[in-house]
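Visitor: build the 3D model from these lines:
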Amino acid sequence: MNILISSNDNYVMPLTVLLQSLFDNHREPMVFWFLWSDLNEDNRAFFADYIHENGSEIHWLHVDEDAFRGLPTKKYISTETYYRLLAAELLPQDLDRILWLDADMVVNGSLKQLYETDLEGYTVAACPHGTVMKATMMENCRNIGIVHPEQYFNAGVMLCSLGSWRSMDIPGRINEILSKEHQFMFPGQDLTNLIFNGTVKTENWKIWNCMTHSILPEDLPRLKETARIIHFAGFAKPWQFYDLPFADVWKAYYDRTPFAEKPLKQMSYFRMKQMYEKYRNVHPEEYSKAAEKKQ
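Guide: Below you'll find the predicted structure:
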């Protein structure tokens, strides 16, 4: 399998957990293509050693830090989220497909079936959001002009048809989209969807991109058995909060990495939400000012 990843110096630990989960669930060697711009020499050496020690290959793909300067980001969405859009330009011409994975996830089973999916002429195979997030995503599609909202996908997992990408002039398409005024709710994901909408093969999100903000509590036991990719989408991450859905699954892989020797500083997500709601109700004016400032 050829896997495309990216990280900056702030995401070294989460990406290591993802890598460990991949190694634990695949016996065959993998080939990692690492997009980077802001990653220091020590961290590059760490990832190279870690991947080689686990019997796989790593290839470095440097991205000019100015390539996407000025594009919208959020606290939990960095500029690196855009780097995947350069895959067709940076990867070898004889490589016909690659699997992109975000760093804030773990793999909990073999990905061979997904990787070998017949793309049937589509540019991307990816997963839509679950029912919980459906209304938000449909409204977002209307706001940014998505023609086929049923194809709107979470860009954390993408099986990419590089041959199709090379025929699309993606850099030109990016410039075309950004020349128009868009209010992106989910910056990198919205841009990616505008590029590929209409050419997306949708997959089962409960198996191949099980997003923690999209699941219902009663489904959690079953999904722990069936989900192959668990994605901690959004701002709440398992290295910060110990009581998120699937946080115990993530922690089990974390404990198998070199970072396990350093205790995590975690808090309760649900306790934090209670405090947040209480503050909002008791201090509505301060809350409104803070919300306006954040925007």
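Visitor: so what's Phe196 up against?
Guide: 123-124 (C-beta atoms under 8 Å, 6 or more residues apart in numbering). For glycine as for every other residue, the C-beta is placed from the backbone atoms N, C-alpha and C.
Visitor: oh, I was asking about Gly198
Guide: Contacts of Gly198 were listed using C-beta under 8 Å, 6+ apart, and they are 147-148, 151.
Visitor: neighbour-wise, which one of those leads?
Guide: Within the contacts of Gly198, most neighbours by other C-beta atoms under 10 Å means Gln151, with 20 neighbours.
Visitor: distance of it from Leu162?
Guide: Going from Gln151 to Leu162 by C-beta to C-beta, to the nearest Å gives 20 Å.
Visitor: with adjacent residues omitted, what lies nearest to Pro149?
Guide: Cys141 (3.9 Å; C-beta to C-beta, 6 or more residues apart in numbering).
Visitor: hang on, the one you found packs against Glu150?
Guide: No. Judged on C-beta atoms under 8 Å, Cys141 makes no contact with Glu150 at a distance of 9.1 Å.
Visitor: counting neighbours, go ahead and name the busier of these two.
Guide: Neighbours were counted for Cys141 and for Glu150 using other C-beta under 10 Å; Cys141 has more, 21 against 12.
Visitor: distance of the more buried one from His231?
Guide: Where His231 is concerned, Cys141 sits at a distance of 20 Å (C-beta to C-beta).
Visitor: residues contacting Asn175?
Guide: Applying C-beta under 8 Å, 6+ apart, no residues contact Asn175.
Visitor: per the record, what domains does this structure have?
Guide: 2-264, 268-295 (automatic domain parsing).
Visitor: where among these is average confidence lowest?
Guide: Of all the domains of the chain, domain 268-295 carries the lowest average pLDDT, namely a mean of 59.
Visitor: coming back round to it: buried set for the helix or strand where the residue nearest to Pro149 lies?
Guide: Using DSSP states H and E, Cys141 maps to helix 131-144. Neighbour-count burial for helix 131-144 flags 133, 137, 140-141, 144 (criterion: 16 or more other C-beta atoms under 10 Å).
Visitor: and the gap between the closest residue in space to Val200 that isn't next to it in sequence and Arg84?
Guide: Excluding the flanking residues, the one nearest Val200 by C-beta to C-beta, 6+ apart is Gln151, at 4.2 Å. Distance of Gln151 to Arg84, computed by C-beta to C-beta: 18 Å.
Visitor: then Leu220?
Guide: 29 Å.
Visitor: which of the two has more neighbours?
Guide: Arg84 (21 against 14).
Visitor: and the nearest residue to the more buried one once chain neighbours are set aside, how many neighbours does it have?
Guide: Spatially, and ignoring its direct neighbours in sequence, Arg84 is nearest to Trp100 (4.9 Å; C-beta to C-beta, 6+ apart). Residues near Trp100, counting by other C-beta under 10 Å, number 23.
Visitor: partner residues bridging Trp100?
Guide: Leu4, Met158 (DSSP bridges).
Visitor: helix, strand or coil for Leu191?
Guide: Following DSSP: H, G, I helix; E, B strand; the rest coil, we place Leu191 in the helix state.
Visitor: pretty sure it contacts Ile174?
Guide: Yes. The criterion here is C-beta under 8 Å, and Leu191 meets it with Ile174 at 6.9 Å.
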